[in-house]
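S.K.: quick one: sequence and predicted model below, then my questions.
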Amino acid sequence: QVQLVQSGGGLVQAGGSLRLSCAASGRTSSSYAMGWFRQTPGKEREFLAAINWNDGSTYYADSVKGRFTISRDNGKNTAYLQMNSLKPEDTAVYHCAARGRYLSTRASEYDYWGQGTQVTVSS
């Protein structure tokens, strides 16, 4: 089992920045991947970014490319999502997720999920 604990999020004005953290514990390994998703009421979870833990390779959704950056700290077993130039449409509940294989853009292919954190961007 892998446990994911999120921190960060909150309220920010449009154009501002926030950083989300996702700390992993339990049966992690160097071969796993972590991803970030977001969800608004009535919509499916939207893929944002993912990172392969062993080599740090990343992949981004077009909607956030150039504004969001995913990174990891191996020593802390923590992934981060740095969000810049935030827009009101970025308002959502943000979730991190982990899987024991190469990164994926599909929420259904992740095995473990963080508790979610609200990000609200005011105009």
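M.R.: Received, thanks.
S.K.: quick one, what contacts the spatially most central residue of the chain?
M.R.: Residue closest to the mean C-alpha point of the chain, counted by CA atoms, centre = their mean, is Trp36 at 2.4 Å. Shown in contact with Trp36 (CB atoms under 8 Å, 6 or more residues apart in numbering): 20, 22, 48-50, 68, 70, 79, 81, 94-97. Every C-beta, even on glycine, is put in place using the N, C-alpha and C of the backbone.
S.K.: and the buried ones among those, selectable in ChimeraX?
M.R.: This is how ChimeraX selects the buried members of the contacts of Trp36, with burial counted by 16 or more other CB atoms under 10 Å:
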select :20,22,48,49,50,68,70,79,81,94,95,96,97
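S.K.: reformat the contacts of Trp36 as a markdown table; add pLDDT.
M.R.: A markdown table is the format used below for those (pLDDT from 0 to 100):
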| residue | pLDDT |
| --- | --- |
| Leu20 | 98 |
| Cys22 | 97 |
| Leu48 | 98 |
| Ala49 | 98 |
| Ala50 | 98 |
| Phe68 | 98 |
| Ile70 | 98 |
| Ala79 | 96 |
| Leu81 | 98 |
| Tyr94 | 98 |
| His95 | 98 |
| Cys96 | 97 |
| Ala97 | 97 |
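S.K.: how about Gly15: what's its closest non-neighbour residue?
M.R.: Nearest in space to Gly15, with sequence neighbours left out and distances taken as CB to CB, 6 or more residues apart in numbering, is Ser85 at 6.2 Å.
S.K.: list the strands paired with the helix or strand harbouring the residue nearest to the centre of the chain, with their directions.
M.R.: Using DSSP states H and E, Trp36 falls within strand 33-39. Strand pairing for strand 33-39, determined by DSSP bridges: strand 46-52 (antiparallel), strand 92-99 (antiparallel).
S.K.: looking at these, spot the one closest to Trp113.
M.R.: strand 92-99 (5.0 Å; CB to CB).
S.K.: what does the closest one contact?
M.R.: With CB under 8 Å, 6+ apart, strand 92-99 has contacts from 2, 4, 6, 9, 20, 22, 24, 28, 32-40, 45-46, 48, 79, 81, 107, 109-114, 116-119.
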